[in-house]
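Q: Here is a sequence with its predicted model. Questions after.
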Amino acid sequence: MYRETISFNKDLINNNVIKLNKKKPISNIRGIATVELYDLETGNKVYHAETENLINGSVMNLMFFDFFYRRLMVGGDIQKGYVSFPFRKICLTDYGGIENVDEKLMKGKVIGWCDKNDTYAGDDAYQGTINLSESYCNPEKDGKIKIHFVFDFPTHASNGTFQTIYWCRDNGNRELYAINVNGTGSDSTIDKRHTVIRSLKSITYNCSDYDNIGYCLYLTTNSSVEYRTFKSFFLDSCANNQAEDNYFYKDDGSKMLKNDFKINGISADSKYLYLYNIKNDGIDIYVFQKDGSWVEKISKSASSYKDASGLIPTIESFKVIDGVPYMTVSYYIKGVYVSHFLKLNANYDIETDYTIDTPSGEGTMWSINILGKTKEYWIFSDNNKYLHFYDNSLKPIINGILAKRSMPSAEYAIYFFSKSHNYGYCFGYTSGSYSDYYYCYIFGLSLIGAQTLLAAPVTKTPTNTMKIQYDFIIDNILDGIF
């Protein structure tokens, strides 16, 4: 069942009105946002917009899973849940797409944001403040409950053009999000596991995954001779898939020694394992069967990936995803590094060339490495250990998530992501009185709780202050029970 609503934007200077008809599902909660711009000199209101929001479906799933799983599980905490509430902050973005109840992630460039609990009086260019004196929660005469938020934005904050307002856990900047799916401990950005995974011995390089199977590259010593070996394990449980060491075999049938080839990492698809070595002038790719037997070696020079002007790039990373090889490269153009994401064909030549937009504030030396792909987004890392998330069309979702925050004490950490899920894994190493390996579940992006699309984009300038009022009207479905 749906009902009709109308969103509108009204320019109070010239009396222009823009309307947008929406259909909203009938539910026990409604959210209405009002945006007002005021002229700095006169104090007069010059712009007014109203729109009704959409509560995203992931909220109900989170609340159900949170309430029952955490409390019902053996040893679970019956007093609190573990899912971070996706209604902590509002974010204003330039996203102009339609509202979608199945949307899970915030889209668009963040123009501004506000915390619903903590006031703010600084000079941040994005952050406004909650007006606690004007915000309230009251029962209404019709038996409903009204929660009224007022957010104020001074002249220096949130300047730009926005059209969508999100409710979410965080403002999308430098924060990893995870739920402790396998633990009963406190809310955390990671879920550490260091039991079975420790039997994987001294892992020295990258991990890769395909169909929920992880592959770790490491070294095995027999009779003082070091061999390059690998082992697979199940990503979701960390349980070993193969109990014995798996050797790589060269084209002559002999076992591969540590120093036979220089290796940067490992990748996998449904049929093969790929070892690769990125060099100054190109890349060597070694292909093996899943039992470690030799298939072939491919060598490609960096000049194979020159751009239309003939500029030869620096190869930054390589990864095979869903049976397709990908590569990131950077071109040095007029004092600036420009990152490209290359989809390669079966001969490892360019099939499609994508330019990756450099996030604001990254400077001229920014380059990226491909980490992987989940069901709904691509993940890259940069040289400063930040994670960067892009949608399936390779448009940035939220940039600047600090990867190293997930394991602040780690001396060595590798991230890889599962195409079967919307989360990733961190495999890290720390040392002290003994060596330990940590296997961590990581959610890359915080889920949204609600979104609302304004009838037209709103532009705030330094000549304006802005007030956003956000009302939730909630049916008191427990009336008479408590």
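A: Thanks, I have the structure now.
Q: Give me the longest helix you can find in this structure.
A: For the chain, the helix reaching the highest residue count under DSSP state H is reported as helix 57-65.
Q: show me what contacts the residue nearest to Gly31 when sequence neighbours are not counted?
A: Setting aside the residues directly before and after it, Gly31 is nearest to Asn53 in space (Cβ to Cβ, 6 or more residues apart in numbering), at 3.7 Å. For glycine as for every other residue, the C-beta is placed from the backbone atoms N, C-alpha and C. With contact set as Cβ atoms under 8 Å, 6 or more residues apart in numbering, Asn53 has these partners: 30-33, 99, 165, 167, 450-452.
Q: likewise Asp245?
A: Neighbour list for Asp245: 220, 227, 229, 231 [criterion: Cβ under 8 Å, 6+ apart].
Q: Buried ones among those?
A: The neighbour-count criterion (16 or more other Cβ atoms under 10 Å) marks 220, 227, 229, 231 among the contacts of Asp245 as buried.
Q: Now the second one: which helix or strand?
A: So that's Tyr227. Using DSSP states H and E, Tyr227 sits within strand 225-234.
Q: what's the distance between the closest residue to Asp115 other than its chain neighbours and Met106?
A: Of all residues not flanking Asp115 in the chain, Lys89 sits nearest, at 5.2 Å (Cβ to Cβ, 6+ apart). Shown here: Lys89 relative to Met106, a distance of 10 Å by Cβ to Cβ, to the nearest Å.
Q: any shared contact partners between the two?
A: Shared contacts of Lys89 and Met106, defined by Cβ under 8 Å, 6+ apart, are found at Cys168.
Q: quick one: which helix or strand includes the closest residue in space to Asn138 that isn't next to it in sequence?
A: Nearest non-adjacent residue to Asn138, counting by Cβ to Cβ, 6+ apart: Lys146, 5.5 Å away. With elements taken from DSSP H and E, the one containing Lys146 is strand 144-153.
Q: Residues contacting that strand, please?
A: Strand 144-153 is contacted by residues 90, 112, 114, 116, 128-131, 134-140, 460, 465-476 when judged by Cβ under 8 Å, 6+ apart.
Q: Likewise for stretch 274-284?
A: With contact meaning Cβ under 8 Å, 6+ apart, stretch 274-284 is reached by 217, 248, 261-268, 285-288, 297-304, 315-318, 320, 325, 327.
Q: Now the buried members of those residues.
A: So, by 16+ other Cβ under 10 Å, the buried ones in these are 217, 248, 261, 263-268, 285-288, 300, 302, 304, 315-318, 320, 325, 327.
Q: Identify those among these that sit within strands.
A: Secondary structure from DSSP state E places 217, 265-268, 285-288, 300, 315-318, 320, 325, 327 of the buried ones among the contacts of stretch 274-284 in strands.
Q: Break the chain down into its structural domains.
A: Listed domain ranges for the chain are 2-172+447-475, 191-442 (source: automatic domain parsing).
Q: just checking, Asn345 touches Glu351?
A: Yes: the pair Asn345 / Glu351 is scored as a contact, 4.4 Å apart, by Cβ atoms under 8 Å.
Q: quick one, which of these two is more surrounded?
A: When Asn345 and Glu351 are compared for neighbours, Glu351 comes out ahead with 14 against 11, by other Cβ atoms under 10 Å.
Q: so Leu112 makes contact with Asp94?
A: Actually, residue 112 is Gly. It isn't Leu. No: when contacts are counted by Cβ under 8 Å, Gly112 is not listed as touching Asp94 (10.7 Å).
Q: These two: which is more packed in?
A: More crowded of Gly112 and Asp94, by other Cβ under 10 Å: Gly112, with 25 against 15.
Q: Run through the residues that contact that one.
A: When contacts are counted by Cβ under 8 Å, 6+ apart, Gly112 touches 91-92, 126-128, 153, 157-158, 160, 162, 460.
Q: quick one: the residue of the chain positioned farthest from its centre and Trp366, what's the gap?
A: Most distant from the centre of the chain: Ser223, at 45.2 Å, with distances by Cα atoms, centre = their mean. When distance is defined by Cβ to Cβ, Ser223 is 47 Å away from Trp366.
Q: which non-adjacent residue is nearest Gly323?
A: Here the residue nearest Gly323, using Cβ to Cβ, 6+ apart, is Asp269, at 4.3 Å.
Q: Over to Glu52?
A: Across the structure, with Cβ to Cβ, 6+ apart as the measure, the residue nearest Glu52 apart from its sequence neighbours is Thr5 (4.6 Å).
Q: Just say helix, strand or coil for that neighbour.
A: For Thr5, the secondary-structure state derived from DSSP: H, G, I helix; E, B strand; the rest coil is strand.
Q: Counting neighbours, what do you get for the residue nearest to Asp115?
A: If you count neighbours by other Cβ under 10 Å, Lys89 ends up with 23.
Q: before we move on, what about Leu62?
A: 20.
Q: how much space is there between it and Phe85?
A: Taking Cβ to Cβ as the criterion, Leu62 is separated from Phe85 by 9 Å.
Q: Doesn't Asn14 lie inside a helix?
A: No: residue state for Asn14 (three-state DSSP) corresponds to coil; a helix is not indicated.
Q: any weak-confidence spans in the stretch 201-350 of the chain?
A: For the stretch 201-350 of the chain, the stretches flagged by pLDDT under 70 are 201-212, 234-244.
Q: now do 50
A: Along the stretch 201-350 of the chain, the model assigns pLDDT under 50 to residues 201-205.
Q: Pull stretch 219-226 out as CSV, backbone CA atoms only.
A: The C-alpha trace of stretch 219-226 is given here as CSV (Å, rounded to 0.1, in the frame of the first residue of the first chain):
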residue,chain,number,x,y,z
LEU,A,219,57.2,-20.4,2.8
THR,A,220,57.9,-24.0,3.9
THR,A,221,61.4,-25.2,5.0
ASN,A,222,62.5,-28.7,4.4
SER,A,223,66.0,-29.8,5.1
SER,A,224,67.1,-26.1,5.3
VAL,A,225,65.6,-25.4,1.9
GLU,A,226,62.9,-22.8,1.6
